[in-house]
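Visitor: Build the 3D model from these lines:
(chains A and B)
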There are 2 protein chains.
Amino acid sequence: MSTPSDAPGSDQDRAARVALTSLVEPGHRAVWSLVRAEGAPATLERLMRGDVPEEALKTSVAARRSGLDPRRFAEATLLRAARLGARIVVPSDDEWPGRVEALATLELEAPGRVNRDVRPPLCIWVRGSWPLGPTLERSVAVVGARASTGYGNQVTAEIAAGLAENDWTVVSGGAFGIDAAAHRAAVLAGGITVAVLACGVDRPYPAGNAALFERIADAGLLISEWPPGSEPLRHRFLIRNRVIAAATAGTVVVEAAARSGAAQTMSRVLALGRAAMVVPGPVTSAMSVGCHELLRSRPDATLVTGVDDVLEAVGRIGEYGKPAPRGPEHRRDTLDEESALVLEAVPPRGSVTQEELAARAGLSLRTVLRRLSLLEVAGLVVRRDGEVALARRPRAAP
Amino acid sequence: MSTPSDAPGSDQDRAARVALTSLVEPGHRAVWSLVRAEGAPATLERLMRGDVPEEALKTSVAARRSGLDPRRFAEATLLRAARLGARIVVPSDDEWPGRVEALATLELEAPGRVNRDVRPPLCIWVRGSWPLGPTLERSVAVVGARASTGYGNQVTAEIAAGLAENDWTVVSGGAFGIDAAAHRAAVLAGGITVAVLACGVDRPYPAGNAALFERIADAGLLISEWPPGSEPLRHRFLIRNRVIAAATAGTVVVEAAARSGAAQTMSRVLALGRAAMVVPGPVTSAMSVGCHELLRSRPDATLVTGVDDVLEAVGRIGEYGKPAPRGPEHRRDTLDEESALVLEAVPPRGSVTQEELAARAGLSLRTVLRRLSLLEVAGLVVRRDGEVALARRPRAAP
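Guide: As a prediction, the model looks like this:
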């Protein structure tokens, strides 16, 4: 039975979960089951004394333990994270993203450890100020090839910006190519974006995206199952992918080469009952071959041509649909203060740039962009080519 | 009972079929049934004396008969065809393409004459030396937009050349754009190609493809249900499309604009149990919008990226295929002809006045206004301030 000090959410539980991540890779089926049955501190005890059900696990834990005291590691790591401004989130925290718990029952038919060890994270490291769970509640993953084409980057930017404008969080893996284009477009549109890393949040990989990662930490979240200091080992990207699939309402693959990781990602997305969306491209483009392979081999995958198709698919998938269009009662007088300020700053005739609008309203550009999305959904303003104008008249209900 | 002189395949049967095509458009359900039951000469007798089951048929036959003796027409046309080097093929001939008989039982759910009058041809005019039936036995249709792009032309050429190299006949409609690219590539690859025309084989349309038609007549076949001298009237293309669908093992749509005729073609292909194949393209290309619409709305359609995928699909479908189960028809496909014309005339983006719409649709303003009311009730268009625009895609209920 748990004593107060090792109860879920206690410092001891938190520290034990961190210590466990130093001994075993995330998603491990047996370890996750033990934690669920006996709690993290008791599981850590077991692993440290070699009392584990699997011989392979015993061996790998023993190898990792040499030269490392897991408890000291946890202490040092928690201190290090605090200095970095990173925090750890565990299942008993309010901000734990409930969606990842779907991994508890995920069964994949493909062989191999990466398809067996797909259980939920034990803990998630976070950099950024948004609460993790609510941020992922309305989220869509936009992922794809590192060696993306101009076409892929353009389509990605349009989809990610459109998601941001519709108040959906854009999730991706922080890689070059499609991932970077998705994060960047979401940030530029004033939206929230989450990079799910396969290494520590203190050293996001690849280094070439360093400036982008700083902007994401500012405007969104950098998250990882691996403790600060962890290296982006090759197999970790595959382990990480299950979190992207589980944490979002759906995943869009924009470009993928032949026999890429996209098929592995989509098998998780489909097995989890999330929307599996694929952007087609020229059949003459090597970077669309993987997309067309997916569309041909997975009848459950949906061909999407733009953000409208994406919103339709994630709306269809269930409870996370687009907010219903608001009726005529949603008028100027029901607006929050900031939205009202923004609306008042739009000139009665003609249009202004979003920057001018921010100056007129006396608000930050980011606030203005977020409020404009709401005002646009409410049918009060229209945006075209970066300019903002009053909607000609509020739309009548159909 | 047939006497030798009016038995199927006799000169009298042949002449009667030609005469019938001067009185009624091909595919007419009642006329085809009469010919099957009583033979062509008896059916011609009936039509000439006005003894026909449908009032509308009686009226239209009477109108066409004024100033024309169908028997003289048949004689003159057969002579004219012989001078041109064209021949007529009837069902009792060895070279009759058996595949088109699948039209005998085709039932489409969409309303309108073009979806009702889909019965097999009474006769087929042929220019070119290959025997018609064997030539169509291993054939695939490659069709698409007249305003094709360089991308579409390139993909078409690769598919058509690949089919030719694998001893498949390439069938198309002789139009500019994708059709011409398909015929041309098949000829260049030393293959056989068949142009299925909506006018007489003596005056293939469009005239801009005249040199290509000469090469097709040389290396392949020009065929038509309409007698020499017939004009390519607009509605004939839609009537013709059922023959392309039925005569081939499958149809590939390479490029198609939004709400193009491709959907009509594919509904026939699928209802006939043939392989319905669609080439995707850049989502940024207007000429791939219709292709992506098809792939999204028709789960039975197959995405193909090249000739290997096409060969796989026509291999899978078997020689004559089983009719596919019919799914719920799209709302657009269930429109009457005038409403469909009006809907097609609404631009994909932006709006037009009702007067402009009438001009674009080639219909009277009064007709347009009446049809608009229906389209508006069906949720397909919206009217605001006297302007008409397409309704945005209906969202699935959450």
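
Visitor: The host helix or strand of residue A:263: what's the following helix or strand?
Guide: Under the criterion of DSSP states H and E, residue A:263 resides in helix A:262-271. As assigned by DSSP H and E, the chain's next helix or strand after helix A:262-271 is strand A:275-278.

Visitor: Provide a list of residue ranges in the stretch 1-150 of chain A with pLDDT below threshold.
Guide: Under the criterion pLDDT under 70, the flagged ranges of the stretch 1-150 of chain A are A:1-4.

Visitor: for it, what spans make up the strands?
Guide: All strands of the stretch 1-150 of chain A, identified by DSSP state E, counting those that start in this stretch, fall at A:86-89, A:124-127, A:139-143.

Visitor: Now do the second one: everything it contacts.
Guide: Contacts to strand A:124-127, defined as CB atoms under 8 Å, 6 or more residues apart in numbering or on different chains, come from residues A:81, A:84-89, A:96-97, A:132, A:200-202, A:217, A:221-228. In this view, the C-beta of every residue, glycine as well, is placed from N, C-alpha and C.

Visitor: So residue A:310 belongs to a helix, correct?
Guide: Yes - residue state for residue A:310 (DSSP: H, G, I helix; E, B strand; the rest coil) corresponds to a helix.

Visitor: so what's the residue nearest to it when sequence neighbours are not counted up against?
Guide: The spatial neighbour of residue A:310 that comes closest, neighbours along the chain excluded (CB to CB, 6 or more residues apart in numbering or on different chains), is residue A:304 at 5.2 Å. Contact partners of residue A:304, counting by CB under 8 Å, 6+ apart, are A:159, A:252, A:277-279, A:310, A:313.

Visitor: I'd like those written out as TSV, with distance to residue B:178, pLDDT and neighbour count added.
Guide: Listed next are these as TSV, based on distance: CB to CB, whole Å; pLDDT from 0 to 100; neighbours: other CB atoms under 10 Å in any protein chain shown:
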residue	distance to residue B:178	pLDDT	neighbour count
A:159	28	98	30
A:252	29	98	32
A:277	28	98	26
A:278	24	98	28
A:279	23	98	30
A:310	29	98	26
A:313	29	96	22
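
Visitor: which of the residues you listed lies closest to residue A:357?
Guide: Here the nearest of those to residue A:357, counting by CB to CB, is residue A:159; it sits at 24.9 Å.

Visitor: Residues of chain A that sit close to chain B?
Guide: Proximity of chain A to chain B is confined to A:151, A:154-155, A:279-284, A:288-289, A:292, A:295-296, A:299, A:302-303, A:305-306, A:308-309, A:311-312, A:315-316, A:318-319, A:321-322, A:324 under the rule CB under 8 Å from any CB of the partner chain.

Visitor: Return the subset of those residues lying in helices.
Guide: Taking DSSP state H, the ones among these that sit in helices are A:151, A:154-155, A:289, A:292, A:295-296, A:308-309, A:311-312, A:315-316.

Visitor: Just the buried ones among those, please.
Guide: Applying a neighbour-count criterion of 16 or more other CB atoms under 10 Å in any protein chain shown, the buried members of those are A:151, A:154-155, A:289, A:292, A:295, A:309, A:311-312, A:315.

Visitor: which residues are contacting stretch A:381-390?
Guide: Applying CB under 8 Å, 6+ apart, the set of residues contacting stretch A:381-390 from outside is A:343, A:346-348, A:350-354, A:357, A:372, A:375-376, A:380, A:391.

Visitor: Go again with 7 Å.
Guide: Defining contact as CB atoms under 7 Å, 6 or more residues apart in numbering or on different chains, one finds that stretch A:381-390 is touched by A:343, A:346, A:348, A:350-354, A:357, A:372, A:375-376, A:391.

Visitor: what's the pLDDT at the residue nearest the centre of chain A?
Guide: Centroid-nearest residue in chain A, with CA atoms, centre = their mean: residue A:171, separated by 3.4 Å. Residue A:171 carries a pLDDT value of 98.

Visitor: Quick check: phi and psi at it.
Guide: Phi and psi for residue A:171, reported as degrees, to the nearest 10, are phi -100, psi 140.

Visitor: Report back the residue of chain A that's furthest from centre.
Guide: With distances taken from the mean C-alpha point of chain A and given as CA atoms, centre = their mean, the most distant residue is residue A:349, at 39.9 Å.

Visitor: quick one: pLDDT of it?
Guide: With respect to pLDDT, residue A:349 has a value of 72.

Visitor: do residue A:267 as well
Guide: In this prediction, residue A:267 carries a pLDDT score of 94.

Visitor: just residue A:181 next, same as before
Guide: Here, the pLDDT recorded for residue A:181 equals 98.

Visitor: Report the contact partners of it.
Guide: Each residue near residue A:181 by CB under 7 Å, 6+ apart is listed here: A:148, A:153, A:156-157.

Visitor: do that again at 8 Å, thanks
Guide: By CB under 8 Å, 6+ apart, the contact set of residue A:181 is A:148, A:152-153, A:156-157, A:160.

Visitor: quick one: the strand or helix carrying it to chain centroid distance?
Guide: With the criterion set as DSSP H and E, the secondary-structure element containing residue A:181 is helix A:178-188. Computed by CA atoms, centre = their mean, to the nearest Å, the separation of helix A:178-188 from the middle of its chain amounts to 12 Å.

Visitor: between the helix or strand following it and strand A:139-143, how many degrees?
Guide: Along the chain past helix A:178-188, the next helix or strand (assigned with DSSP H and E) turns out to be strand A:193-197. Here strand A:193-197 points in a direction 60 degrees away from that of strand A:139-143 (axes from the mean of the first three to the mean of the last three CA atoms, to 10 degrees).

Visitor: now what about strand A:193-197, what contacts it?
Guide: Applying CB under 8 Å, 6+ apart, the set of residues contacting strand A:193-197 from outside is A:135-136, A:139, A:160, A:164, A:169-174, A:179, A:182-183, A:186-187, A:204-205, A:213, A:216, A:219-224, A:226, A:232, A:240, A:243-244, A:247.
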